[in-house]
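[1] Sequence and predicted structure are below.
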Amino acid sequence: MPLRPHLANRIRFYNIRALIAEVVKLVDTLDLGSSAARCESSSLSFRTSIQQQLIHREQTMPGLLILLVFLLLGGVLQQLFSLPVPASIIGMLLLLLALIVRGQTPDALQKITQTLSPLLPLFLIPVSVGIVTQKHLLEAHATELLVILAVSIIPGALVSAWIMSRGKSG
Amino acid sequence: MINTLLHTPLFWAALTIGAFILGQQLYRRTGNNAFLPPILTGIILVVVTLELSGVPYATYMEGGTFLHTMLGPVVVMLAVPLYQYLHTMRKQWLRIVLAITLGSGTTVACAVAMAYFWIGNDAITTTMYTKSITTPVAVAITEQVGGISALASAFVIITGILGALMIPPLLRLTRMDDPQTTGLTLGICAHAIGTSRALELGPQQSAYAAMAMTLTATLHALVLPWAV
């Protein structure tokens, strides 16, 4: 059975965690506190910075907080300028902009993405179950809807495939 | 006793999580079959329970809203993969942008036109606009443009399953089945379910599918609220 990608990620992630735990143990026994020159703050030793990293990796809350802050920002902007775009989309674009400016993805965001991505479908079930309130529409138009959804895929797929493959194989 | 349970919000939240776990198990047992996404199994199990017990959707949603709230931060989170894809698409960005804009535009235009002339129900026509976007974004947009979120979710999932089924043979038939094209087309026309189908075809296909899905969702999220 093939390994699911997020499962593979998780296994890799556990390995990193085990590695860091090993390093922390090593640092504990050797006491490398004096090699703190590379840290900006003199009070922050190499050991504590690794320990902080370890805590950082184990927590999903900092990443969730970042997401919520950007979601709130999106909501404020939406209200302020009465934009027709949903708050979450504005939040996403702001976060994308922040990532482009920063030039890399922070660990906290990486972690929350790994945690939440596999759960995404779960969060969609409640709204999807609302289909029970639309039974009359579905019963009246089931065949038409199925045909429309199936047929409309074909021209779209052909257009995108044609553009993407044009002049490439030649 | 059972009646009290059926009217406890937490029961419905727990049932939804349980149904999703069963869906995941079924998906794994069937070798990650793209046509049995955990969300579909989860929805069917919850809908059947609601129908059998006769509990109204509003009562269910008192519990479901706990999970539903998480959709906001999850949509914001899509910026993380999007940022990574911006790097990979740098080389052929014009081709990718054109394929996504025109391809997704064509499929949506066809669907909306057919719904308008054939069914003529305003709610269905409006909801049709969001059929090619990944579900979390589709739901957010539908609320904004005045469609029905639950219907949007159903359209998106059905589109995904049909697309995953039809696109690979269609592209083989028309000899446009190189890995990048197949992946991109699956992402544009069949979003997340197409992406999980692309995962079975190969790593390049799945990378392009995921990228196309995210870019299509972003594009539509920005354009649709002004256009509809």
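    Done, it's in. Computed from a prediction, not measured in an experiment: that's the story for all the values here.
[2] and residue B:51, what is it in contact with?
    When contacts are counted by Cβ atoms under 8 Å, 6 or more residues apart in numbering or on different chains, residue B:51 touches residue A:132. Every C-beta, even on glycine, is put in place using the N, C-alpha and C of the backbone.
[3] State the pLDDT value of it.
    For residue B:51, the pLDDT comes out at 92.
[4] Give me the next element, helix or strand, following the helix or strand encompassing it.
    If you go by DSSP states H and E, residue B:51 is part of helix B:38-53. Next along the chain after helix B:38-53, taking DSSP H and E as the criterion, comes helix B:57-68.
[5] Give me the angle between that next one and helix B:38-53.
    Angle, helix B:57-68 to helix B:38-53, by axes from the mean of the first three to the mean of the last three Cα atoms, to 10 degrees: 150 degrees.
[6] Give me the residues contacting helix B:57-68.
    Outside helix B:57-68, the residues that reach it (Cβ under 8 Å, 6+ apart) are A:122-123, A:125-127, A:129-130, A:132-133, B:6-17, B:46, B:50.
[7] Now, those residues that are in strands?
    Among the contacts of helix B:57-68, DSSP state E puts none in strands.
[8] what's the domain layout of chain B?
    B:2-69, B:77-227 (automatic domain parsing).
[9] most packed of those domains?
    With neighbours taken as mean count of other Cβ atoms under 10 Å in any protein chain shown, the domains of chain B reach their highest mean count in domain B:77-227, at a mean of 22.
[10] Show the average pLDDT along that one.
    88.
[11] Show the contacting residues for residue B:11.
    Per Cβ under 8 Å, 6+ apart, neighbours of residue B:11: B:5, B:63.
[12] What distance do you get for it to chain A?
    13 Å (Cβ to the nearest Cβ, to the nearest Å).
[13] ok, back up a step: could I get the domains of chain B as TSV with distance to residue A:76?
    Formatted as TSV, the domains of chain B follow (distance: least, Cβ to Cβ, whole Å):
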stretch	distance to residue A:76
domain B:2-69	18
domain B:77-227	17
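[14] Which of the contacts of helix B:57-68 fall within helices?
    Here DSSP state H is the test, and the contacts of helix B:57-68 give A:122-123, A:125-127, A:129, B:6, B:9-17, B:46, B:50 as lying in helices.
[15] shaky segments in chain A?
    Along chain A, segments meeting pLDDT under 70 span A:1-58, A:167-170.
[16] Could you list the domains of it?
    Using automatic domain parsing, the domain parsing of chain A gives A:1-58, A:59-124.
[17] Chain B: helices as residue ranges?
    Counting by DSSP H, the helices of chain B are B:2-6, B:9-29, B:38-53, B:57-68, B:71-77, B:79-88, B:93-118, B:122-128, B:135-145, B:149-173, B:179-201, B:203-227.
[18] Of these, which is nearest residue A:73?
    Closest approach to residue A:73 among the helices of chain B is made by helix B:71-77 (9.4 Å; Cβ to Cβ).
[19] other SSEs contacting the closest one?
    On a contact count with 3 or more Cβ pairs under 8 Å, 6 or more residues apart in numbering or on different chains; DSSP states H and E, helix B:71-77 meets helix A:61-80, helix A:87-102, helix A:107-116, helix A:120-129, helix B:135-145.
[20] can you put the ones you listed in CSV and add distance to residue B:152?
    Output for those, formatted as CSV (distance: least, Cβ to Cβ, whole Å):
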stretch, distance to residue B:152
helix A:61-80, 20
helix A:87-102, 15
helix A:107-116, 21
helix A:120-129, 9
helix B:135-145, 4
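[21] What's the separation between residue A:70 and residue B:86?
    Plainly put, residue A:70 is 17 Å away from residue B:86 if you go by Cβ to Cβ, to the nearest Å.
[22] Revised request: answer the last question for residue B:130.
    Distance from residue B:130 to residue B:86, counting by Cβ to Cβ: 24 Å.
[23] Figure out which of the helices of chain B is closest to residue A:99.
    Nearest of the helices of chain B (Cβ to Cβ): helix B:79-88, 4.3 Å.
[24] Extract the C-alpha set from stretch B:193-209 and format it as CSV.
    The C-alpha coordinates for stretch B:193-209 follow below in CSV (Å, rounded to 0.1, in the frame of the first residue of the first chain):
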residue,chain,number,x,y,z
ILE,B,193,-10.0,15.1,-6.0
GLY,B,194,-8.1,15.5,-9.3
THR,B,195,-5.0,16.2,-7.3
SER,B,196,-5.3,13.0,-5.4
ARG,B,197,-5.9,11.2,-8.7
ALA,B,198,-2.7,12.9,-10.0
LEU,B,199,-0.8,11.6,-7.0
GLU,B,200,-1.5,8.0,-8.3
LEU,B,201,-0.1,9.0,-11.7
GLY,B,202,3.2,10.4,-10.5
PRO,B,203,5.1,13.1,-8.5
GLN,B,204,5.3,15.6,-11.3
GLN,B,205,1.6,15.2,-12.1
SER,B,206,0.6,15.8,-8.4
ALA,B,207,2.9,18.8,-8.0
TYR,B,208,1.4,20.5,-11.1
ALA,B,209,-2.2,19.5,-10.0
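[25] gap between it and the chain center?
    15 Å (Cα atoms, centre = their mean, to the nearest Å).
[26] before we move on, what about stretch B:191-202?
    The chain centroid and the centroid of stretch B:191-202 are separated by 12 Å, computed with Cα atoms, centre = their mean.
[27] With that, I have no additional questions.
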